[in-house]
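Novice: just the structure for this:
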Amino acid sequence: MAKHAPPRWDRKMQQRLARGEAAALGELYDRYASLVHGLAHRVLGEDEAADRVTREVFAHVWENPEEYEPKQGSLRSWVAGLTHRHAVRRLRQTETAALADGGEGTTEDLERKVLRASAAARADYIVTSMPAPLRAALESAYFQRRDYRQTAIDLGVTEDEARRRLRLGLQLLSTANEPRPAAAPPPGYGRAL
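Specialist: Presented below is the predicted three-dimensional model:
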């Protein structure tokens with residue numbers, strides 16, 4: 001999982017990219033490639049398509065560093081939003097081409113598939129972006145099937161704190177299924193999670 005960078009790092013990286021520093025692109029790629037590929041794969045379901053989207057996203061960042069607006073949120077969130085848009089666009093193109101070639105399904109089926117993939121990718125992003133204490137509480141409750149009392153013991157916190165972490169984590173995760181306008185930024189863009 002990529003670490004969150006301080007806002008100063010984000011601004012410096014944008015400036016370096018704007019100057020055309022190839023080393024900056026390499027550094028950005030090292031930091032966020034797994035995030036980009038993972039989100040793209042979650043939407044598209046195949047490595048080759050995710051690889052293509054990963055290349056497209058980093059090419060876009062390289063060619064358009066001025067599009068990033070530090071006041072709107074982190075560079076990580078901006079890159080995740082680009083990834084989401086590129087992956088959904090590719091999914092729509094692929095599925096539309098399949099429909100045009102006489103494939104099974106309808107336009108409504110395509111939109112349902114896009115919405116499901118989009119919500120799943122947002123959920124993945126939200127979970128990987130949430131603070132470690134919230135993520136640990138959710139993982140204990142979900143993967144280990146622990147209740148809040150057992151989670152409190154596992155995490156070494158009070159029962160009230162375990163409930164608070166679970167509630168907040170679930171509230172954040174629930175936003176993954178909220179429909180958003182096409183131009184809306186991903187969850188967390190413009191605010192800390």
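Novice: now for this protein, the helix or strand with the poorest mean pLDDT.
Specialist: helix 107-129 (a mean of 75; mean pLDDT, DSSP states H and E).
Novice: what's the longest helix along the chain packed up against?
Specialist: The residue-count maximum for a helix in the chain (DSSP state H) belongs to helix 75-100. Using 3 or more CB pairs under 8 Å, 6 or more residues apart in numbering; DSSP states H and E, the elements in contact with helix 75-100 are helix 7-18, helix 22-44, helix 47-63, helix 107-129. No exception for glycine: its C-beta is placed from N, CA and C like everyone else's.
Novice: picking that back up, now the angle between helix 22-44 and the least confident helix or strand of the chain, please.
Specialist: 130 degrees (axes from the mean of the first three to the mean of the last three CA atoms, to 10 degrees).
Novice: of the helices and strands packed on helix 75-100, which is nearest S77?
Specialist: helix 107-129 (7.8 Å; CB to CB).
Novice: that closest one: how far from the chain's middle?
Specialist: 10 Å (CA atoms, centre = their mean, to the nearest Å).
Novice: following that helix, which helix or strand shows up next?
Specialist: As assigned by DSSP states H and E, the chain's next helix or strand after helix 107-129 is helix 132-143.
Novice: in whichever helix or strand comes after that following helix, what's buried?
Specialist: Downstream of helix 132-143, the next assigned helix or strand under DSSP H and E is helix 148-155. The neighbour-count check on helix 148-155 (16 or more other CB atoms under 10 Å) flags 148, 151-152, 154-155 as buried.
Novice: one more: stretch 157-171?
Specialist: For stretch 157-171, burial by neighbour count (16+ other CB under 10 Å) applies to 157, 161-166, 168-169.
Novice: all set now, cheers.
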